[in-house]
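# Please find the sequence and the predicted model below.
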Amino acid sequence: MPEQWKDLVEEQKSFEDEVIRIDEWWKTPRQAGIKRPWTASTIASLRNTVPVPCLANASALKLWALLHEHRSRGTTELTFGATDPIAVSQMAKYMRTVYVSGGLSGFSENNYPGMDHADYPWDTVPKVVEKIFKSQQWHDQRQRQVRMQHRIEQRARMENWDYLMPIIADGDMGFGSLTATLKSTKALVESGAAGIHIDDLALGLKKFTIGQGRTIVPTSEYEDRVKAVRMQLDIMGAETLLFARCDLDHADFITSVIDPRDHEYILGATRNVKPLQEVIDEAITSGESPTAARDEWLVSAGTMTFDEAVEEEILGFKQQPKSIINIQSNDDLLNNYKSRVGYGTSLSQRRAIAKELLGVNIFFDWEIPRSHNGQYLYRSTVKAIIERATVVAPLGDVSWARMDLPDYNDIKAYHETMLSRFPSRLFAFSWGGEWKFPSSAGWTAERLKTVSQDMAKDYGVVWQIQPMYMIQGVNMEIEKSAEMWVNEGMGGYYEKIQLPATQRKPWKVDGYEKMSWCGGYLSDAFFAAIAGEEILQKK
Ligand SMILES: C[C@](O)(C(=O)O)[C@H](CC(=O)O)C(=O)O
């Protein structure tokens, strides 16, 4: 065999071995539940010749085991968003995971802070994850060094925190095209993320500042994003969990009507009026309120979904159209229409069915209500969230319906239906800040005390977070400390911080005087080891 053939045969063999390794990996309990639309050879061909070890894997497998343990016990992991490694080192005493919120990172971790419009640089969250991941390693190292200076029986009485808490990171909407999603996934995994969430919001259109404005992408685009994340994980051999988040709740817009699976929820005008944007522009030119003009327009245009327009048409019939001979009532007609349309029936198919049944063309135009940025008007429903979550569930590990001002009935409907389709599903949920919790929507103070545990037990919601609003608690403590220091100086510090912190039981609160937490003992150990001393001297 010529020399160069030997290399080629080796190359082929190493490729085929890699394919086998990937196939075997996909059979492991952690990976077996995922349904991929690609083969192991595709992934092998996208991998490096020499695979780069995946640092996040130990943590990801730990997260996987933890969430499954919660699932089987009917309990939940409660955590909150943090960007500061110091805060995370304290959280380790009570919680077993940590969340890195994009909103919080965009607010505090870059030079151009702002509201959570996901407009911060795409590598902001990976950098925060990396900072926390590395700090966790350091805390683990310095704690171990101190512990190892003590005999086993002494160690039983010493602090022994698990600082290596799996980090779940906000992947937002992937930060760009599919290749940007691949890159941001790669960066998050390389930074140490044990879990990543990805959502279906439109790029550049995330808004929290005004009442209206949440915009989602078509189902197909969301599906592609989730695929991109999964594919990048596969390429890296990463065990990192994929949290498929759906942000459709309270969405007002969708960017495109390309996917028939979304057509049922798109709103159109049922009267032949001027386009909305023209009316808004005229209002602005003449100094009138564009919001009022918009609201009036929505009513005057008879804005509704196509199915609602069909229903209105049928209910408006005084008598049966002649073409329908075997249908007795308007209700039968409506039921007939409904039985013939369903998930994925396109608008043109719906039009044709309506025409066939009613004998008339229904006026419905979803172009004229389009917004300034070209978005289509959208009606969000729990059913639509479930449909999207169902599409992406086989690619993800955890399902998450982001809800704001939630109605408990919506939470129940979403999880019950998802469980009927995916009985062993893991779910995530995020709570909000300063929510009003109306009792009309099923919320009472008593309900709130048990709701997290109930959602874990009843629906398998194993990971529940306060994404960014715990910052209010942090602010409260800092504000109180600032007030104290300015008014009471050293006396206040001694009485209100130093004494209670050092007297706290069973452990002192961490501070610089505690040589372990600030790494003093670890530094001393380095100096001693370099000087040639035996540092493992059991006290
Ligand atoms: C989770 C989230 O993405 C975040 O950045 O923390 C935000 C939080 C929030 O606004 O409630 C989100 O849900 O979009």
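Happy to help now that I have it.
# Might you calculate how far stretch 92-110 sits from the centre of the chain?
With CA atoms, centre = their mean, to the nearest Å as the basis, the distance from the averaged C-alpha position of stretch 92-110 to the chain average is 13 Å.
# Could you check that stretch and say which residues are buried?
Within stretch 92-110, the residues that qualify as buried by neighbour count (16 or more other CB atoms under 10 Å) are 92, 95-107, 109. C-betas here are computed from N, CA, C, even on glycine.
# what do you get for stretch 235-254?
For stretch 235-254, the buried set under the neighbour-count rule, 16+ other CB under 10 Å, comprises 235-249, 251-254.
# Using CSV, write down the CA coordinates of it.
What follows is stretch 235-254, C-alpha atoms only, in CSV (Å, rounded to 0.1, in the frame of the first residue of the first chain):
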residue,chain,number,x,y,z
ILE,A,235,-20.4,18.6,18.0
MET,A,236,-18.7,19.5,21.2
GLY,A,237,-19.7,16.2,22.9
ALA,A,238,-21.3,18.4,25.6
GLU,A,239,-23.7,17.1,28.2
THR,A,240,-25.0,20.6,28.8
LEU,A,241,-28.8,20.6,29.2
LEU,A,242,-30.9,22.4,26.7
PHE,A,243,-33.8,24.3,28.2
ALA,A,244,-36.3,25.0,25.4
ARG,A,245,-38.0,28.1,26.5
CYS,A,246,-41.1,29.5,24.8
ASP,A,247,-41.8,33.2,25.2
LEU,A,248,-45.1,33.3,23.3
ASP,A,249,-47.2,34.1,26.4
HIS,A,250,-48.5,37.7,25.9
ALA,A,251,-46.7,38.1,22.5
ASP,A,252,-48.4,40.8,20.4
PHE,A,253,-46.5,40.2,17.2
ILE,A,254,-44.8,37.6,15.0
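# how about it, does it reach the ligand?
No: counting by CB under 6 Å from any ligand atom, the ligand is not contacted by stretch 235-254; separation bottoms out at 6.8 Å.
# quick one, strands of the chain?
For the chain, the strands defined by DSSP state E cover 77-80, 98-100, 167-170, 195-198, 215-216, 241-246, 253-254, 267-268, 304-305, 376-377, 398-401, 426-430, 461-466.
# average pLDDT for the fifth one?
Predicted confidence along strand 215-216 averages 96 (mean pLDDT).
# and it with the ligand, contact?
No: with CB under 6 Å from any ligand atom as the measure, strand 215-216 is seen stopping short of the ligand, the closest distance being 12.5 Å.
# Show me the contact partners of that strand.
The list of residues contacting strand 215-216 from outside it, by CB atoms under 8 Å, 6 or more residues apart in numbering, reads 200-202, 205-207, 222, 247-248, 251-255, 375, 378.
# ok so, going back, any idea which of the strands of the chain is most buried?
The densest packing among the strands of the chain, expressed as mean neighbour count by mean count of other CB atoms under 10 Å, is seen in strand 167-170 with a mean of 30.
# what mean pLDDT does stretch 139-148 have?
Averaged across stretch 139-148, pLDDT comes to 96.
# Identify the residues contacting that stretch?
Contacts of stretch 139-148 from elsewhere in the structure, counted by CB under 8 Å, 6+ apart, are 89, 92, 155, 158-161, 163-164, 516-517, 519, 521-522, 525, 536.
# who in this protein is up against the ligand?
Selection of the chain residues close to the ligand by CB under 6 Å from any ligand atom yields 81, 101-104, 116, 170, 208, 402, 430, 432, 467-468.
# now those as CSV including pLDDT?
Written out in CSV, the entries for the residues of the chain next to the ligand read as follows (pLDDT from 0 to 100):
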residue, pLDDT
G81, 97
S101, 97
G102, 96
G103, 94
L104, 95
D116, 84
D170, 97
F208, 69
R402, 95
S430, 96
G432, 88
P467, 95
M468, 93
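# which of the contacts of stretch 139-148 count as buried?
For the contacts of stretch 139-148, burial is judged from neighbour counts taken by 16+ other CB under 10 Å, and it is met by 89, 92, 159, 161, 163-164, 516-517, 519, 521-522, 525.
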